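> What follows is a predicted structure for the sequence shown.
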Amino acid sequence: MEKVVLDAASREGKAEGRKMKKDGKIPAVVYGKETKSMPIEIKIRDIEKTVKHLSEGTLLITLKLTGKGMNEEKIVVIQEVQRDPKTDEIIHADFKQISEKEKSIFKVPVFSTGLSEGVKIGGVLEFITREIQVRCLPKDLPQKFEMDVTSLMIGNDFTVEDIKVPEGVEIMTGKDKVVFTVVSHKIEEEPKPGEAGAVEATAETAQPELIKKERATEEGAEGEAAAPAKGAAPAKEEKKEKKK
């Protein structure tokens, strides 16, 4: 596990944000089982550089505390970082002190390696669980977990249970939780003119018009059958002519 050294100085009470920012610093706090909550200040450039390292995995930080007769080191992890919603700059940080002699719970990120066989034939690799919780001593803490997804076909997945963990590390996240899965996304397109779907749709759309035409035809046929042929004499008159 790579360790990063971060310099910090103790401070009293609430610091004036504008003055600290002008000096290139931000307020922070460190706390833990062996450390009472302590307000500190750190350089903006140092915390920004440290946070960037988090994209590569979990970090154990050696926090060097100085100021007001203090000169000590604490092993910590970044518990929370607050950013300005407008500028996205870090404006505050929380550090949790870790005992090197006791097991603690950590969050460890998961990364994929390789190209899935399912992706090669058109599937999509979905990243469901990006980090898992583990319990271990700081010396046993893995920086990250890597899973080779090469064998994953469409419809297959890897769960937390498939992650290989080193000795001394206990997984706290549910073993059945899916980490990676390969799915097939099929976009249903509207049928084009001339296709079977389009013919059915056209038939359904045209059905009311057909019904109207059929009714009109039937009514016309009935009318023609009921009406006497043009120029034909009534049946009674034909009988009279025969008697004569």
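Happy to help now that I have it.
> Any idea how many residues pack against the residue lying closest to S10 once chain neighbours are set aside?
Spatially, and ignoring its direct neighbours in sequence, S10 is nearest to G67 (4.4 Å; C-beta to C-beta, 6 or more residues apart in numbering). C-beta coordinates here come from the backbone N, C-alpha and C atoms, glycine included. By other C-beta atoms under 10 Å, 13 other residues sit near G67.
> and what of E34?
11.
> Surely it and I98 touch.
No. If you go by C-beta atoms under 8 Å, E34 and I98 don't touch, sitting 9.1 Å apart.
> picking up where we left off before, contacting residues around the residue nearest to S10?
By C-beta atoms under 8 Å, 6 or more residues apart in numbering, the contact set of G67 is A9, S10, R11.
> Contacts only, for the last one.
By that I understand R11. By C-beta under 8 Å, 6+ apart, the contact list for R11 reads P27, P39, I40, E41, G67.
> go with 6 Å
Shown in contact with R11 (C-beta atoms under 6 Å, 6 or more residues apart in numbering): P39, E41.
> which stretches of this structure have low pLDDT?
Residue ranges of the chain with pLDDT under 70: 1-2, 13-17, 186-244.
> Go ahead and flag the most central residue of this structure.
Central residue check for the chain by C-alpha atoms, centre = their mean: the C-alpha nearest the mean position is that of I128, 6.8 Å away.
> do you know how far it is from D176?
Computed as C-beta to C-beta, to the nearest Å, the I128 to D176 distance reads 12 Å.
> is the residue nearest to S10 in a bridge, and if so with what?
M70 (DSSP bridges).
> measure it to E12 for me?
From G67 over to E12 the distance is 10 Å, taken as C-beta to C-beta.
> can you list the domain ranges for this structure.
For the chain, automatic domain parsing gives the domain ranges 3-100, 106-183, 192-219.
> Please enumerate the helices of this protein.
Ranges of helices in the chain, per DSSP state H, are 17-22, 44-53, 117-120, 196-226, 235-243.
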